[in-house]
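Novice: Have a look at this fold, sequence not included:
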């Protein structure tokens, strides 16, 4: 997403999202409404999920999602448990409740996180892996440092390190490390977040801690060692051209929560550059590169592309480096 669009949305949130503290009077799941100290707000998916969590009804909601009347009966029975004050974070332009939080929660502005991150790494802003919506903002910066992987099997393999800051006005603030594997014939092959600094919104001096995290996350010695070891590790799965290779890869990817609808694309990505292959099969480094190559190239062009699903694929694929 382009920086101008991210800034426009973040500015609207900063101008119009406010917090009101009070006692919850009623919750109407059927109509999607919540009343706090006599003022009514509209529930969105996130605030509905949070208020159901406060009532201890998330499991019930999953079981009876097609029966809102039964769910409302359960909510009504639990209403008496709401005997303390909460914060409603809402958009004053449409009275939508974006989140329901405890009184210790601090609302951190996306525009402040954006400005703090841009002031340090703005020249390296990466629109392809930046996004904002009601639930979260992700700001990515790529190509800050380029360093060879210290492994005999990866001669000439260079990793470009970057960083990523994210904030959910109704969730948490965090910093992660972003990386690309560069190859002269293929361009960008993979990127991943790791070494996460995550900060709940009830902690002190969060903006100062964000600035410290943006600096500390660029210390890359540990990540280079992880990658160097991954390159040299033995095979963990059979080659794709083995009789049961597709099934073996599919089982492995499913185990690491990569949906089956992406598997064929990952197979194609591996065939385009067979990294991590020897006579015994393919190691975790090879499977990781196939997953992140697919995610960085083919997945982005699909009509079904979803930013958060893309980030989940990269996060889950990272575990393959340690196998």
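Specialist: In hand now; what should we look at? Worth saying up front: this structure is predicted, and the values here are computed from it rather than measured.

Novice: Would you map the helices across the stretch 1-150 of the chain?
Specialist: 3-16, 45-54, 58-63, 68-78, 110-121 (DSSP state H, counting those that start in this stretch).

Novice: In the stretch 101-250 of the chain, where is pLDDT below threshold?
Specialist: Scanning the stretch 101-250 of the chain for pLDDT under 70 picks out 155, 183-199, 202-204.

Novice: how far away is the nearest residue to residue 153 once chain neighbours are set aside from residue 177?
Specialist: Spatial nearest neighbour of residue 153, chain neighbours left out: residue 231 (5.0 Å); criterion: C-beta to C-beta, 6 or more residues apart in numbering. In short, each C-beta sits where N, CA and C put it, glycine included. Using C-beta to C-beta, to the nearest Å, residue 231 is found at 18 Å from residue 177.

Novice: how many other residues sit next to the residue nearest to residue 153?
Specialist: 22 (other C-beta atoms under 10 Å).

Novice: next one: residue 235
Specialist: For residue 235, using other C-beta under 10 Å, the count is 18.

Novice: who are the neighbours in contact with it?
Specialist: Residues near residue 235 by C-beta atoms under 8 Å, 6 or more residues apart in numbering: 276, 278, 280-283.

Novice: Which pair of these spans the longest distance?
Specialist: Farthest-apart pair in the contacts of residue 235 is 276 and 280; separation 10.9 Å (C-beta to C-beta).

Novice: out of these two, which sits in the busier spot?
Specialist: The residue with more neighbours, out of residue 276 and residue 280, is residue 276; 26 against 12, by other C-beta under 10 Å.

Novice: so which of the contacts of residue 235 comes closest to residue 83?
Specialist: Looking across the contacts of residue 235 and measuring by C-beta to C-beta, the closest to residue 83 is residue 283, at 55.7 Å.

Novice: Report the separation between that closest one and residue 293.
Specialist: Distance from residue 283 to residue 293, by C-beta to C-beta: 15 Å.

Novice: got it, and residue 310?
Specialist: 13 Å.

Novice: With neighbour numbers in mind, choose between these two.
Specialist: residue 293 (25 against 19).

Novice: Can you show me the strands along the protein?
Specialist: With DSSP state E as the criterion, the chain has strands at 17-28, 33-36, 39-43, 85-91, 96-101, 131-132, 137-148, 158-167, 172-183, 187-188, 193-200, 277-278, 281-282.

Novice: Let me have those in JSON lines, extended by mean neighbour count and distance to residue 77.
Specialist: Below are these laid out as JSON lines (neighbours: other C-beta atoms under 10 Å; distance: least, C-beta to C-beta, whole Å):
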{"stretch": "strand 17-28", "mean neighbour count": "16", "distance to residue 77": "11"}
{"stretch": "strand 33-36", "mean neighbour count": "20", "distance to residue 77": "16"}
{"stretch": "strand 39-43", "mean neighbour count": "17", "distance to residue 77": "18"}
{"stretch": "strand 85-91", "mean neighbour count": "21", "distance to residue 77": "19"}
{"stretch": "strand 96-101", "mean neighbour count": "24", "distance to residue 77": "19"}
{"stretch": "strand 131-132", "mean neighbour count": "22", "distance to residue 77": "38"}
{"stretch": "strand 137-148", "mean neighbour count": "19", "distance to residue 77": "37"}
{"stretch": "strand 158-167", "mean neighbour count": "23", "distance to residue 77": "36"}
{"stretch": "strand 172-183", "mean neighbour count": "22", "distance to residue 77": "31"}
{"stretch": "strand 187-188", "mean neighbour count": "14", "distance to residue 77": "54"}
{"stretch": "strand 193-200", "mean neighbour count": "16", "distance to residue 77": "30"}
{"stretch": "strand 277-278", "mean neighbour count": "14", "distance to residue 77": "59"}
{"stretch": "strand 281-282", "mean neighbour count": "23", "distance to residue 77": "54"}
